[in-house]
Every structure is written in C-alpha cells, then in structure tokens.
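**Q** Fold the following for me, if possible:
(4 chains)
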Number of protein chains: 2
Amino acid sequence: MERLAKYCADQDGVPLIAGRVLGWLMICDPPEQSAQQIATAIGASRASLSTNLRLLSSVGFVRVLTKPASRTVYYRVDDDAWEKVVQRQIASLASLGRILQDGTPLAGSSPDRGGRIAVANDVFRWMQQIFDNAPPLPSTTRAAEESRR
Amino acid sequence: MERLAKYCADQDGVPLIAGRVLGWLMICDPPEQSAQQIATAIGASRASLSTNLRLLSSVGFVRVLTKPASRTVYYRVDDDAWEKVVQRQIASLASLGRILQDGTPLAGSSPDRGGRIAVANDVFRWMQQIFDNAPPLPSTTRAAEESRR
DNA sequence: CACAAGGTTCAGTCTTCACTGAAACCTGTC
DNA sequence: GACAGGTTTCAGTGAAGACTGAACCTTGTG
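**A** Numbering: from 1, shown residues only, chains lettered A, B, ... in the order given. So this is what the prediction gives:
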C-alpha cells in the first residue's frame, strides 16, 4: 500500500515521503498519529517528517490536532483530501485550457493556422461542460446528510 | 504564449523545452516545421530538440511527417494532442482511485479505520460516474462528421 | 532549576535530470 | 566517391531538490 501511494507520489510532484505519510495515515490505527509515530512507522527522519507534514497540512491534505494538556501534535488525513486531489487536478487542466484560449489570437483566424487551437479549445469546452452538468460532489452530499439529522 | 505553455510544462512533468515546442507548434506558420526551424524559433540546441521531439512523438503529442524527395523530417502537433493530455490526466486519477481501492482491505471494516478509505472511494466512484455519463469526446464527434460527408 | 520529550531549522550529501557542444551518422546530390 | 544538409548520440556541466544527522528551541514535569 505505502509502496503504491509512493508510486502515485512520483507520478505527481509530491515528495516520496509525503506519499508514504498519506498512505500510512489512510490505514493506521488510530487515525491520528504524532510525528514521532509516523516517523518510526515509515522509517524516515524526524526532520523529513517535519517538512513533509507542514507541506501536507499547508495544502490541506492532513489536519493538525492538538490534544489538551499535551505538547504532542497529532495529524490526521483530511476527510476531503482525495476530493481535493481530484478537484485540483481538474482545476489545473482548466487553467491549461484558459492558457490555450488566451493564446488563440496569436494564431490568427485563417483555417490553416487557427485550426489547431480551435480544436484544442473544443476539448476544454467539452471538459468544462462535463463538470458543469456533474452531480454534486460526495463531500457536499455528505454535509447535507449531516445537517439533515 | 510560449511562456505560458512553459508554465504548464513545469506544472506537469514535461521538460521545459518540450513545452515551448508545443507552444510554438500551436501557433507557427506553416503548421509543420523541421527540427531546425523549431530550434531557431525557440532558441534551443538541436540536440535538445532531437530529444524532446522524440519524447513528444513517443507520447503522441506531435506527429512526424516526411516529405518525399527530402531528407528533412517535419513535425506537427497532433490534432488530438490536448485531448490526450486531458484523457491521460483523467486516467492517472482513475488509476490512483484503483490503488486506493486495492488498499481498502488494509484498513479493515471497523468504522473508525475503514471510514477514511470509504470516503476516498466515494470520490473516485463519483468521478468515474461523471465520465461514464459524459457526452462523446470532440474528436469522436469530429470523426463522425468527417465520415458523414 | 534541571531535565526530557516533541518538534524545527540548518548545512551538507546525494541523486536526478534538462540542456549543451562536439563528434558521429545517414542519405540524397554532384 | 566525395560532399553537404539534417538529425542523432554522447559525455559533461549545472541546477534543483529530497533526505538526513546534528544542533537548537520550546514546554510541561520532577
């Protein structure tokens, strides 16, 4: 499992160890762990853990929990972490689409030159449309159920 | 424009110059260019061009055209290049979802431990569903129109 | 106050990789 | 067969960045 999360880590731009941390935090018991515990669990230095945990929490994939009357800080995967991953990947694609769109004038409108960009713009419009018509995200649904109780 | 495509290049894992090549090939006139032309256009060494063009064509973003009675090789962006970009990004997300799914048993089924993964699986099911219900890709539509003529 | 547990910062090592110039490799042309 | 245009391969350089051990800061506890 950790090895698989690591695979996805170097497929993305995430540092190797951050991937392992995520992998471990997904299956560990209890769900919240101290930096120390994580360090020994995945066999990395505390220094690296410090860096990677800050990274992960700054991008909102893990949440920081402090228990009262204890100087230990606990970490836990955010429930919406993977949803964020998906959302950001999509957002990144959308911004790529916007870049292409902004560049459209550079090619002019003659069919030979503008054709390439026109096709590209079609693709991103297609994508945009899909998500506009998409059902609500699981997290939204979950929140709604939560409040209905 | 080239600068923007470059931004998206280092956002992804693509070498800087490959991004510039794509940017240039999107707006150049004529649409097909020799390695030489591209090299001077974006100011990179021919060696680098050779490497990056091979990379780009191996992943199917540019197509190689050889004109008869000439040893020059011409390159052109594939019409479906950006569609491939989108598709692969999605595919990558889907494979991430599969990894998470495969790891589900590792957390067991107690609500405290399995809950995290269950939520994650929901997200990827949601994504899967969106694309199952999606309209056909622009390229498919385009091909259909082509053949209808 | 001394101590120790938890965490962070710093300097250094090591790996990876994009890029380049120069040499080598075709392949048509004279 | 020599030659020249076009491209590829190769060794080398430089930069980016992940990871670590060691020193340092902080904060409850005896």
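**Q** can you tell me how far residue A:74 sits from residue B:112?
**A** Taken as CB to CB, to the nearest Å, the spacing of residue A:74 relative to residue B:112 amounts to 15 Å. From N, CA and C alone the C-beta is placed, and that goes for glycine too.
**Q** ugh, typo on my part, it should be residue A:12
**A** 28 Å.
**Q** So which of the two has more stuff around it?
**A** The residue with more neighbours, out of residue A:12 and residue B:112 and counting by other CB atoms under 10 Å in any protein chain shown, is residue A:12; that gives 16 against 11.
**Q** ok so residue A:136 is a helix residue?
**A** No - Residue A:136 is assigned coil when assessed by DSSP: H, G, I helix; E, B strand; the rest coil, not a helix.
**Q** okay, which residue is most central for chain A?
**A** Nearest residue to the geometric centre of chain A (CA atoms, centre = their mean): residue A:85, 2.3 Å.
**Q** For that one, give me its contacts.
**A** With contacts taken as CB atoms under 8 Å, 6 or more residues apart in numbering or on different chains, residue A:85 has the following neighbours: A:61, B:93, B:96.
**Q** Could you find the closest non-adjacent residue to residue A:138?
**A** Among residues not flanking residue A:138 along the chain, residue B:122 sits closest, at 4.3 Å (CB to CB, 6 or more residues apart in numbering or on different chains).
**Q** ok, that neighbour touching residue A:140?
**A** No - here residue B:122 lies out of contact with residue A:140, judged by CB atoms under 8 Å, at a distance of 11.5 Å.
**Q** neighbour-wise, which of the two wins?
**A** Taking neighbours as other CB under 10 Å, residue B:122 and residue A:140 compare with residue B:122 leading, 17 against 11.
**Q** Now do the more buried one against residue B:57, distance only.
**A** Counting by CB to CB, the gap from residue B:122 to residue B:57 is 39 Å.
**Q** still on that earlier bit, could you dump the contacts of residue A:85 to JSON lines with distance to DNA strand D?
**A** Supplementary listing: the contacts of residue A:85 in JSON lines, determined by distance: CB to the nearest atom of the strand, whole Å:
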{"residue": "A:61", "distance to DNA strand D": "15"}
{"residue": "B:93", "distance to DNA strand D": "21"}
{"residue": "B:96", "distance to DNA strand D": "18"}
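**Q** quick one: low-confidence parts of chain A?
**A** Counting by pLDDT under 70, chain A shows low-confidence ranges at A:146, A:148-149.
**Q** And the helices in it, which stretches?
**A** For chain A, the helices identified by DSSP state H occupy A:2-11, A:16-27, A:35-42, A:46-58, A:81-103, A:111-132, A:138-148, in order along the chain.
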